[in-house]
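K.L.:
Predicted model follows, preceded by the sequence.
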Amino acid sequence: MKTVDIIVPCYNEEEVLPEFIRVTNEVIATLPEYSFRYILVNDGSKDKTLLTMIKLAKEFDNVKYISFSRNFGKEAAMYAGLEHASADLVIVMDADLQHPPAMFPQMLKGIEEGHDCCALYREEKERKDGFLRRGFSKLFFKMQNSMSSVKMPYGAVDFRVMTKQMVDAILSMSEVQRFSKGIFCWVGFDTKWIPYENVERTIGTSSWNFWGLFRYAIDGITSFSVSPLKFIFVLGVIMFIISGIGMLYIAIKAIVTGEIGSGYATTVCVELLIGGIIELSIGIIGEYLGRVFIETKRRPIYIAKVKNIEKAEK
């Protein structure tokens with residue numbers, strides 16, 4: 001019998017966790033050829049998520065939990081779960097039931113077919129997000145795929161099942177500022193992508209906001225691409241050529257006609273343009289420099305305060 005660990009990052013999921021366990025238990029009951037275990041990771045929740053986890057662990061023998069000392073982020077929560085997973089297969093999913101457990105049979109079938117990973121992506125026609133958020137999401141995936149060697153389909157989510165070999169490869173990438181969607185693709189294992197219908201959240205509220213998603217997108221691009229730095233270089237070359245042509249034109253005009261205009265408005269516009277480009281360039285360089293600064297500190301990805309499970313032996 002193959003074993004399966006279900007890793008579930010949780011942040012303020014007090015209301016939804018009991019329902020998540022109930023619904024998921026109904027699904028795994030139809031898969032007797034697998035032995036399932038939950039690894040719930042409390043990412044510094046402000047509600048009673050930890051108490052709910054402890055209660056569930058007393059009720060169900062296969063429920064394990066890890067609780068952080070503070071909020072370290074979903075990426076750290078997934079990494080912690082992977083570090084403690086020891087099963088043959090590992091599933092990563094959210095607790096809000098927007099990742100439907102009903103997909104388990106189809107996902108596990110993909111592994112049985114010989115794939116190392118079976119991952120899901122939301123079908124575009126099912127997305128019900130706001131126009132701005134949906135457009136920004138599509139732009140991110142296009143930029144990510146065009147600027148990086150890491151490719152992923154539009155609507156790709158973290159919901160997936162992986163072999164232990166793939167999990168070990170992911171754990172070997174120990175950077176603090178993680179972008180798991182990119183890491184999952186970067187390790188290069190064979191992945192089967194399956195579309196699924198987006199499910200609306202019925203219990204609780206999402207902790208994601210537009211700014212959080214924007215920062216997540218920036219992390220994704222800067223984690224796997226140096227194209228923004230190359231863009232600065234190209235932009236600098238273009239501005240140098242344009243300014244050279246402009247100065248040459250002014251010089252020739254002054255020699256031929258003897259006219260030298262004041263050009264006050266033009267000068268202001270050019271200065272603002274150059275100033276904006278400089279600020280943009282500094283911002284892009286600063287983003288990469290900041291990532292280097294954080295990584296060189298070699299701080300732990302997370303700090304566990306309470307748990308009822310030990311790290312898996314490598």
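P.N.:
It's in. Because the structure is a prediction, the values reported are computed rather than measured.
K.L.:
Spell out the residue ranges of the strands in the stretch 101-250 of the chain.
P.N.:
Assigned by DSSP state E, counting those that start in this stretch, the strands in the stretch 101-250 of the chain fall at 117-122, 156-163, 191-196.
K.L.:
Looking at the host helix or strand of Val90 now, give me its mean pLDDT.
P.N.:
Using DSSP states H and E, Val90 falls within strand 89-92. Mean per-residue pLDDT for strand 89-92: 97.
K.L.:
Residues contacting it, please?
P.N.:
Contact with strand 89-92 is made by 2-7, 34, 78, 81-82, 104, 107-108, 111, 158-164, 167, 180, as judged by C-beta atoms under 8 Å, 6 or more residues apart in numbering. The way it works is simple: take the backbone N, C-alpha and C, and place the C-beta from them, glycine included.
K.L.:
Those residues, buried ones only, as a PyMOL selection?
P.N.:
A single PyMOL command is used to select the members of these judged buried by 16 or more other C-beta atoms under 10 Å:
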select buried, resi 4+5+6+7+34+78+81+82+104+107+108+111+158+159+160+161+162+163+164+167+180
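K.L.:
So which of the contacts of strand 89-92 belong to helices?
P.N.:
Met78, Gly81, Leu82, Phe104, Met107, Leu108, Ile111, Lys164, Val167, Ser180 (DSSP state H).
K.L.:
Low-confidence stretches in the stretch 201-314 of the chain?
P.N.:
Low-confidence segments of the stretch 201-314 of the chain (pLDDT under 70): 201-227, 240, 247, 250, 254, 258-266, 268-269, 272, 314.
K.L.:
ok so, going back, mind putting the strands of the stretch 101-250 of the chain in CSV, mean pLDDT included?
P.N.:
Formatted as CSV, the strands of the stretch 101-250 of the chain follow (pLDDT from 0 to 100):
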stretch, mean pLDDT
strand 117-122, 90
strand 156-163, 91
strand 191-196, 90
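K.L.:
In CSV, please show the C-alpha coordinates belonging to stretch 155-172.
P.N.:
Extracted C-alpha coordinates of stretch 155-172, given in CSV (Å, rounded to 0.1, in the frame of the first residue of the first chain):
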residue,chain,number,x,y,z
GLY,A,155,-3.8,29.5,-14.2
ALA,A,156,-1.2,27.1,-12.7
VAL,A,157,-1.8,26.5,-8.9
ASP,A,158,0.2,24.9,-6.1
PHE,A,159,-2.3,22.0,-6.0
ARG,A,160,-0.4,18.9,-7.1
VAL,A,161,0.8,15.4,-6.2
MET,A,162,4.5,14.5,-6.4
THR,A,163,6.8,11.6,-5.9
LYS,A,164,9.3,11.5,-3.0
GLN,A,165,12.1,11.8,-5.5
MET,A,166,10.7,15.1,-6.7
VAL,A,167,10.1,16.3,-3.2
ASP,A,168,13.7,15.6,-2.3
ALA,A,169,14.9,17.7,-5.3
ILE,A,170,12.7,20.6,-4.2
LEU,A,171,14.1,20.5,-0.7
SER,A,172,17.6,20.7,-2.1
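K.L.:
Contacts only, for the closest residue to Leu97 other than its chain neighbours.
P.N.:
Distances taken as C-beta to C-beta, 6 or more residues apart in numbering place Phe20 nearest to Leu97, at 5.9 Å, with adjacent residues excluded. Phe20 makes contact with Val8, Glu13, Ala95, Asp96, Leu97 under the criterion C-beta under 8 Å, 6+ apart.
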